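Q: Here's a sequence, model it:
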Amino acid sequence: MINEFKDFIAKGNVMDMAVGIIVGAAFTGIVQSLVGDIINPIIALFTGGIDFSGWFYALDGETYASLETAMESGAPVFAVGKFAMAVINFFIIAFVVFMLVKMVNRIKAAAEKPDEVAPEVHSGPSQLDVLLEIRDALKK
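A: Just a heads-up that it's a prediction; the model follows:
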């Protein structure tokens, strides 16, 4: 089992995965800032300043001024707004990742694109053609 683990580590896939996780964690901060600092204010502008994260339903039948107040009192709540924001954030992150992957694929395709194919230069008969001519000449 130890040898199999060494082979697994030595393949390089683990290092690629580790780099991906680290970059992904850093990218998450960027996307969270994009969502929280740029996109959510735009959404709030179009919805008249409505804060989705404040939408909640207290299951105990009481009325609370805010979600934080309800949670501090220990009331069971459906935090519908937080869930809606999580869904919106997911779609935004998925779109950003899609665009990133699309850009990387485009760069890869451009890098793998073969250069212009040089025109084939006919350099004369092949060795086989010459040998066949010699054979035919000897037969005659």
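Q: ok, L34 - contacts?
A: I92, V96 (C-beta atoms under 8 Å, 6 or more residues apart in numbering). Every C-beta, even on glycine, is put in place using the N, C-alpha and C of the backbone.
Q: For it, what are phi and psi?
A: phi -60, psi -50 (degrees, to the nearest 10).
Q: now swap in the one 3 residues further on and tell me
A: D37 has phi and psi values of phi -100, psi -20 when expressed as degrees, to the nearest 10.
Q: Numbering from 467 from now on, please.
A: Sure, I'll start numbering at 467, so the last one becomes D503.
Q: Could you count how many residues lie near it?
A: Neighbours of D503 under the rule other C-beta atoms under 10 Å: 9.
Q: Look at it and report its pLDDT.
A: We have a pLDDT of 85 for D503.
Q: any idea how far it is from A476?
A: Relative to A476, D503 is positioned 42 Å away (C-beta to C-beta, to the nearest Å).
Q: what are the ranges of the strands in this structure?
A: In the chain, the strands defined using DSSP state E lie at 523-524, 543-544.
Q: Which one, of those, ends up nearest to N469?
A: Ranking these by distance to N469, with C-beta to C-beta as the measure, places strand 543-544 first at 52.1 Å.
Q: So what are the sheet partners of that closest one and their directions?
A: Strands that pair with strand 543-544, judged by DSSP bridges, come out as strand 523-524 (antiparallel).
Q: residues in contact with the strand it pairs with?
A: Contacts of strand 523-524 (C-beta under 8 Å, 6+ apart): Y530, A536, A541, P542, V543, F544, V546.
Q: re earlier: now render the strands of the chain as a markdown table, adding mean neighbour count.
A: Formatted as a markdown table, the strands of the chain follow (neighbours: other C-beta atoms under 10 Å):
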| stretch | mean neighbour count |
| --- | --- |
| strand 523-524 | 14 |
| strand 543-544 | 14 |
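Q: Could you point out which of those strands sits nearest G495?
A: Smallest distance to G495 across these (C-beta to C-beta): 28.2 Å, for strand 543-544.
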